[in-house]
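Participant: What shape does this take:
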Amino acid sequence: MTEEEARQAHRNERPLLVYIYPDAASERDEDPRVAVEEDPAFRDESVVVGARFFDCVRIHEDDARADRTLKAHAGAAPCLVFLRPDLTPAKCLKGRFNAARIFPAMCAALKLDYENCLRTTIKEQGKLEEEMVKLYRQEEELARIGERIAAENRAAARQRLEEERKALAEEVRTTRDALCLREKALYELKPKPGA
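Facilitator: Numbers count the residues shown, from 1 in each chain. Model prediction:
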């Protein structure tokens, strides 16, 4: 992370989640940057949702040693460092990672400066996903109506189907727009007063 990247992150008022990775073990050819992405802990839904509130970066331990904010944690690689928007460390997880350790650390780091609650966000995201499934079903119905219109020979029946399709298309558009706005609001950071 360069000084310019750090300043940009501060301007965006987003906390940072920094993965400091070590050199690959000599007996393994694995790239630790790939290994962390393949780790089930980082694919866990709660961790994925929580990561949307952070600017996430990956940095080699040698580069971390050269960074004034991260040098204190470089010797602990692999580790996850949670930084507040002012770049002060909020939390550091060392050793093996799992969702049961990462998610609470994310919650704690976020709560220092923001009113957002990750557990509530996950529940609301689940509700949004259920509504998206309903929307997809409406879009499928829209396609079926289009197929029926193409197959219909009678003008009056085609006209009725066109009207039905037009009304459903408007409902789909309105619902999609509303869901997009709700999702955007759900992931918007809400700074604490005075933070």
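Participant: Just the buried positions in the longest helix along the chain, please.
Facilitator: Ranked by number of residues, the top helix in the chain under DSSP state H is helix 118-151. Going by neighbour count (16 or more other CB atoms under 10 Å), the buried part of helix 118-151 is 118, 121, 124-125, 135, 145, 149. Yep, even glycine has a C-beta here, placed from its N, CA and C like the rest.
Participant: Which one of those is nearest to Glu171?
Facilitator: Of all the buried residues of helix 118-151, Glu171 sits closest to Leu135, with 9.5 Å by CB to CB.
Participant: where exactly do the helices run in this protein?
Facilitator: 3-11, 32-38, 40-43, 45-51, 61-66, 99-111, 118-151, 155-186.
Participant: Could you dump these into a markdown table with distance to Arg84 and mean pLDDT added?
Facilitator: Below are these laid out as a markdown table (distance: least, CB to CB, whole Å; pLDDT from 0 to 100):
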| stretch | distance to Arg84 | mean pLDDT |
| --- | --- | --- |
| helix 3-11 | 9 | 53 |
| helix 32-38 | 22 | 53 |
| helix 40-43 | 22 | 84 |
| helix 45-51 | 15 | 93 |
| helix 61-66 | 17 | 94 |
| helix 99-111 | 7 | 95 |
| helix 118-151 | 16 | 94 |
| helix 155-186 | 22 | 94 |
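Participant: wait, which of those is closest to Pro85?
Facilitator: helix 3-11 (5.6 Å).
Participant: check contacts around the residue nearest the centre of the chain.
Facilitator: Against the mean C-alpha coordinate of the chain, by CA atoms, centre = their mean, the closest residue is Arg52 at 2.9 Å. Neighbouring residues of Arg52 by CB atoms under 8 Å, 6 or more residues apart in numbering: Tyr187.
Participant: do the same with Tyr187
Facilitator: Shown in contact with Tyr187 (CB under 8 Å, 6+ apart): 52-53, 121.
Participant: buried sites along stretch 39-47?
Facilitator: Applying 16+ other CB under 10 Å to stretch 39-47 flags 39, 41-42, 44, 46-47 as buried.
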